[in-house]
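Engineer: fold the stuff below for me.
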Amino acid sequence: MSGMRERLVHRLRPYVRSMRYGIRAARYLFGKFPRECSVCGYHGRFFAYGNPLGFGLNLDALCPKCLSLERHRLLVLCDKDRNLFANKEILHFAPEDGISTYIRSRGPRRYITCEYGSSNADLDINIEAINLPSGEVDLIVCCHVLEHVSDSKALPELFRILRAGGVLVAMTPVIEGWARTFEDDTKLSTIDNRLLYFNQHDHVRFFGSDVRDRLKSVGFAVDEYTATEPEVSKYGLIRGEKVFVCKKPI
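Structural biologist: Numbers count the residues shown, from 1 in each chain. Next comes the predicted model:
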């Protein structure tokens, strides 16, 4: 009898551990630590939201006022350090409200939003075949888009429509421990496969550290802005997340 009890306890142990973890995480769905939003200036607790690098939740990820996520707050910090947006002609792919409002507040000379197949932006643009003249804009914002599309088609187009000296501001999930990007067309046939291999139903790759080589291959000079302490804790950032600041040579 005792042996049966031990086997039952052993079998149930992982379920109990997972339930304990779930209960603990649920306690902090609406915030654990006070944070500050660099996008809208909110001070207080952030809410939990999806983790861009794996299944599950990031605690203290979502600003309840402007709905900014970690990547948006990091992008704003990068702007405050590099003065990216002021007096620029900007094309913003797949804009989200909070960061879009922030960019407008920075006084760009022209600000154009675009999203493929959507009527909620200024332009309907396919990033793989951009219907704009060469040298059209000073700066492009491309935040969590390249993992959804063919980067081998999109990057030359982004380079083309920038003026000489222009900048592509790119962000994407990156697995820094991988020397090579993982992509496999045979894993794209079903939603379950995309979730399993690429973490999201509409992702087509997971970039490795060679994302820099891909950006450089079309002609960009690549610089980086990294989420570090004390900003990580203050603003609720993902440790080590990058903003790639890619300049088209003059």
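
Engineer: when you work out contacts or count neighbours from here on, use the C-alpha atoms and nothing else.
Structural biologist: OK.

Engineer: now do the helices in this structure.
Structural biologist: For the chain, the helices defined by DSSP state H cover 2-27, 70-82, 97-105, 151-161, 191-198, 211-217, 231-235.

Engineer: so which of those gets nearest His43?
Structural biologist: Closest of these to His43 is helix 231-235, at 9.4 Å (criterion: Cα to Cα).

Engineer: rewinding a little: could the helices of the chain go into a markdown table alongside mean neighbour count?
Structural biologist: Listed next are these as a markdown table, based on neighbours: other Cα atoms under 10 Å:
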| stretch | mean neighbour count |
| --- | --- |
| helix 2-27 | 11 |
| helix 70-82 | 20 |
| helix 97-105 | 16 |
| helix 151-161 | 19 |
| helix 191-198 | 17 |
| helix 211-217 | 17 |
| helix 231-235 | 19 |
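
Engineer: out of those, nearest to Arg35?
Structural biologist: helix 231-235 (5.4 Å).

Engineer: quick one: residues in contact with stretch 19-33.
Structural biologist: For stretch 19-33, the surrounding residues in contact (Cα atoms under 8 Å, 6 or more residues apart in numbering) are Gly44, Arg45, Phe46, Phe47, Ala48, Leu59, Asp60.

Engineer: just the terminal-to-terminal distance for it.
Structural biologist: Distance between the two ends of stretch 19-33: 23 Å, counting by Cα to Cα, to the nearest Å.

Engineer: the residue positioned nearest the centre of the chain: what's it in contact with?
Structural biologist: When Cα atoms, centre = their mean is applied to the chain, the residue found nearest the centroid is His144 (4.0 Å). By Cα under 8 Å, 6+ apart, the residues touching His144 are Ala170, Met171, Thr172, Pro173.

Engineer: against Ser217, how distant is it?
Structural biologist: 20 Å.

Engineer: surely Glu224 is in contact with Val243?
Structural biologist: Yes - the pair Glu224 / Val243 is scored as a contact, 5.6 Å apart, by Cα atoms under 8 Å.

Engineer: neighbour-wise, which of these two wins?
Structural biologist: Val243 (21 against 14; other Cα atoms under 10 Å).
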